[in-house]
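Q: pasting the sequence and the predicted coordinates here, then a few questions.
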Amino acid sequence: MFDDEPDDEPVVEVRSGVVRVGVDDLTDGPPEWGWRGPGEVLAGCLADGTRGVVAAAGVGRDAPRMGGEELVSALAQVDVLRARTETVTVRLVAEALGRGVHTDQGLSAQDWVAQRCPWLSGPQVADVVAVARGVGDPVHGQVADAVWDSLLPVRRAAAVLRAAARVRPFLDTDQYVDAVGTLLGVAVEPRHSDPDLRRVADHLVSVVVPDRDHDTRARAAAALRGVHESSLADGSLTRFVLTCDADGAALLRSVLASPLAAPVPDETGGPDPRTASQRRYDAVLTVLRRGLAGGDSTPTSPKATVVVTIAWDPLQEALTGTGTTATGDVLSPGTVRRVACDAQLIPQVLGTDREVLDQGRARRLVTPGQRVVLAHRDQGCTFPGCTVPQAWCEAHHVVHWSRGGRSDIDNYALLCGRHHTLVHDHDLTATVTTTSVTWHL
C-alpha cells in the first residue's frame, strides 16, 4: 500500500507493465497519485531533467561570480548527469536493436543510432552499438551491471568488450568470465587511464592468443598498410595519410618521440616557435632526408631503437610470445623476430611474476665492417629474382639470433623489406658460402 502523502524521494512501483508514481514529481500541478505507463514516466523524467539543465545553463552565466569549490562541485554534478544520460541512452538503444527497429527502416545498427543520436560522434556511435549489443549476452552480466550503475563509461565498456572478443575463441566460459572481470577491474577505476586499460587488454591478448594467430593477424594488418595522398585548399598543401601495422607504428612513434621532435630554442634563445605537430613533421622529414642523403652508401647504424618486452622459456631457451613496445604497441612473434635482425632491439626478459630478470644490450647487430663485406658479396637482395640494391636491404640472421644464431658473415644475408618479411613468415633458411646465398624454397 502507498502512503497518502509521497516521501521526499520519488516513489515508483511497477505492476504488469504500468508504473505508479508520485505525479507531483513529474508535473507542476498539485500532488496526486495515478497509474502511468513506463513510456510516460520516462518522458516526464526526461522533461523534468531538461528543465533542470536549461535552468542550470542560465545560472551558468554567473560562473565568474562562483567560488572555486562551487565550480568543482558543479562540474562533478555535470559528470553525474552525463553518466546517467549515457546509461539511459544505452538502455534505449539496446532495447531498440533487440527488437530490430533499425532493420524495419532498412538501416544498419550504426546508421540508425547515428540518425537518432546526432549528438554522438562516429566513434561514440560505434561504442554505444558495441555496448548495447554486448550487454545482452548473459556472460557479460558484470559489464552490464557496471554500465547500468553508471560505474563504467560507455567508451571503456566498449574497450572491454572488444578486447574480450579477441580472446573468447581461446577460452572456456569460466576462463572467459574471469578475463572479462580482469579487464573490468581496471576499467571501472578512474585512477587507471584509457592507455592503462589498453595495455592490460593487449597483454591479455598476447598471453591468451596462440603465436600462430598473432602472426596471422599481423599479416592481415600488414595487408592494409598504405599511404594516401590528397590536396588541400588551393593545392598549396598536400595531405598524406599513413595506415600502419604494429611494426610500422612502433618505428614511427620512435621517431615522433625522439630528440628530433623535441623543442629547440630559436636563434635568440627563446622558446621554439613550432607547434608540437610541426616538430613531429620536421622529425619525420629529417629521417627521410638522412636516408635519401645516403644515396648508394652502405648503412652502418641500426634503423631504430625499440624497447620490446618479451617472455623467456627456460625449457626451450628461447624468446616466446608477442612483444610489447615501450609505447604500448603489441608486436606479433614474427615481427619481433624480424625486427630483431637489424633494429636496435633491447629485450627486457621477464620472470614468472613479470619482474625484469635481464635487460640485454644490442650486441648482435651487423657491424659497419660486416655490412661492407655483405654489400660486396650479395650486391643486393639475395632472394631469387629480386633486384633491390644493397643500400635498401636489411641484414638477416639466417639462423635467428633468438635461436642461437651467430652474428657472423656466414650467418648473414641481405634481404629487402618485403622478402625479409616473407622469409620470417615462412621460416625459410638458406645455405651461405663465401660468395653466395642460396635460399631453400
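A: That came through fine.

Q: contacts, neighbours, all on C-alpha from now
A: OK.

Q: mind checking the SS state of residue 126?
A: Secondary structure, DSSP: H, G, I helix; E, B strand; the rest coil: residue 126 is helix.

Q: just checking, it touches residue 110?
A: Yes - Residue 126 lies in contact with residue 110 (Cα atoms under 8 Å); the separation is 6.4 Å.

Q: buried stuff in stretch 109-123?
A: Using 16 or more other Cα atoms under 10 Å as the test for burial, stretch 109-123 gives 109, 110, 112, 113, 114.

Q: in the sheet, who's paired with residue 397?
A: Note on residue 397: beta-bridge partners by DSSP bridges are residue 412.

Q: one more: residue 239?
A: Bridge pairing for residue 239 - DSSP bridges - gives residue 230.

Q: which ones are touching it?
A: Residue 239 makes contact with 229, 230, 231, 232, according to Cα atoms under 8 Å, 6 or more residues apart in numbering.

Q: tell me the mean pLDDT over the helix or strand hosting residue 95?
A: Secondary structure assignment for residue 95, by DSSP states H and E: helix 68-99. What helix 68-99 shows for mean pLDDT is 88.

Q: can you point out the buried residues in it?
A: Those buried within helix 68-99 under the rule 16+ other Cα under 10 Å are 83, 84, 86, 87, 90, 91, 93, 94, 96, 97.

Q: wait, the fifth one sits on residue 128?
A: Yes - the pair residue 90 / residue 128 is scored as a contact, 6.2 Å apart, by Cα under 8 Å.

Q: on the three-state scheme, residue 418 is what?
A: Under three-state DSSP, residue 418 comes out as helix.

Q: now the strands for this protein?
A: 12-15, 18-22, 33-36, 226-232, 237-243, 305-313, 318-325, 330-331, 344-350, 356-359, 394-397, 412-415, 429-432, 437-440 (DSSP state E).

Q: what residue ranges in the stretch 51-200 of the chain score low on pLDDT?
A: The model of the stretch 51-200 of the chain has no residue with pLDDT under 70.

Q: contacts only, for the residue sitting nearest the centre point of the chain.
A: When Cα atoms, centre = their mean is applied to the chain, the residue found nearest the centroid is residue 198 (5.9 Å). Residue 198 makes contact with residue 159, according to Cα under 8 Å, 6+ apart.

Q: quick check, distance from stretch 43-60 to the centre of its chain.
A: Computed by Cα atoms, centre = their mean, to the nearest Å, the chain-centroid distance of stretch 43-60 equals 37 Å.

Q: now it: buried residues?
A: For stretch 43-60, the neighbour count (16+ other Cα under 10 Å) marks residue 44 as buried.

Q: same question, stretch 371-380
A: Quick answer for stretch 371-380 (16+ other Cα under 10 Å): 371, 372, 374, 375, 377, 378, 379, 380.

Q: likewise for stretch 200-208?
A: Neighbour-count burial for stretch 200-208 [16+ other Cα under 10 Å]: 200, 201, 202, 203, 204, 205, 206, 208.

Q: and if you look at stretch 382-399?
A: Buried, per 16+ other Cα under 10 Å, within stretch 382-399: 382-383, 388-399.

Q: what mean pLDDT does it have?
A: 84.

Q: end to end, how far does that stretch reach?
A: With Cα to Cα, to the nearest Å applied, stretch 382-399 spans 15 Å between its terminal residues.

Q: tell me the domain ranges of this structure?
A: 1-56, 81-209 (automatic domain parsing).

Q: just put those in TSV and tack on distance to residue 425.
A: What follows is these, written out as TSV (distance: least, Cα to Cα, whole Å):
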stretch	distance to residue 425
domain 1-56	57
domain 81-209	18
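
Q: any idea which of those domains gets closest to residue 404?
A: For residue 404, the closest of these is domain 81-209, at 23.8 Å, according to Cα to Cα.

Q: would you mind measuring the gap between the ends of the closest one?
A: Terminal residues of domain 81-209 lie 39 Å apart, using Cα to Cα.

Q: also stretch 255-263?
A: Counting by Cα to Cα, you get 14 Å between the two ends of stretch 255-263.

Q: residues contacting that stretch, please?
A: Residues outside stretch 255-263 that contact it (Cα under 8 Å, 6+ apart): 271, 272, 274, 276, 279, 280, 282, 283, 284, 286, 287.

Q: rewinding a little: which of the buried residues of stretch 200-208 scores worst on pLDDT?
A: residue 206 (75).

Q: if I look at that residue, how far off is residue 163?
A: 11 Å.

Q: just to revisit the earlier point, quick check, nearest of the buried residues of helix 68-99 to residue 70?
A: residue 83 (20.0 Å).

Q: just give the nearest non-adjacent residue to the closest one, would you?
A: residue 150 (5.7 Å; Cα to Cα, 6 or more residues apart in numbering).

Q: now for residue 244, how many residues are close by?
A: For residue 244, the count of nearby residues is 18 (other Cα atoms under 10 Å).

Q: same thing with residue 104?
A: Other residues lying near residue 104 total 8 when counted by other Cα under 10 Å.

Q: on that earlier part again, out of the contacts of stretch 255-263, which are inside helices?
A: Residues of those located in helices (DSSP state H): 276, 279, 280, 282, 283, 284, 286, 287.

Q: filter the residues you listed down to the buried ones, PyMOL style.
A: Of those, the buried ones go into a single PyMOL selection, burial set by 16+ other Cα under 10 Å:
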select buried, resi 279+280+282+283
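
Q: farthest pair within the ones in helices among the contacts of stretch 255-263?
A: Farthest pair in these, by Cα to Cα: 276 and 287, 16.9 Å.

Q: okay, now the closest residue in space to residue 94 that isn't next to it in sequence: neighbour count?
A: Leaving out its chain neighbours, the residue that sits closest to residue 94 by Cα to Cα, 6+ apart is residue 132, at 4.3 Å. Residues lying near residue 132 (other Cα under 10 Å) number 25.

Q: what distance do you get for residue 132 to residue 288?
A: 45 Å.

Q: ok, residue 236 next?
A: 21 Å.

Q: between the two, which has more neighbouring residues?
A: Taking other Cα under 10 Å, residue 236 and residue 288 do not tie; residue 288 has more neighbours (11 against 7).

Q: and stretch 179-191, which residues are buried?
A: Buried-residue list, stretch 179-191, by 16+ other Cα under 10 Å: 179, 180, 181, 183, 184, 186, 187, 188.
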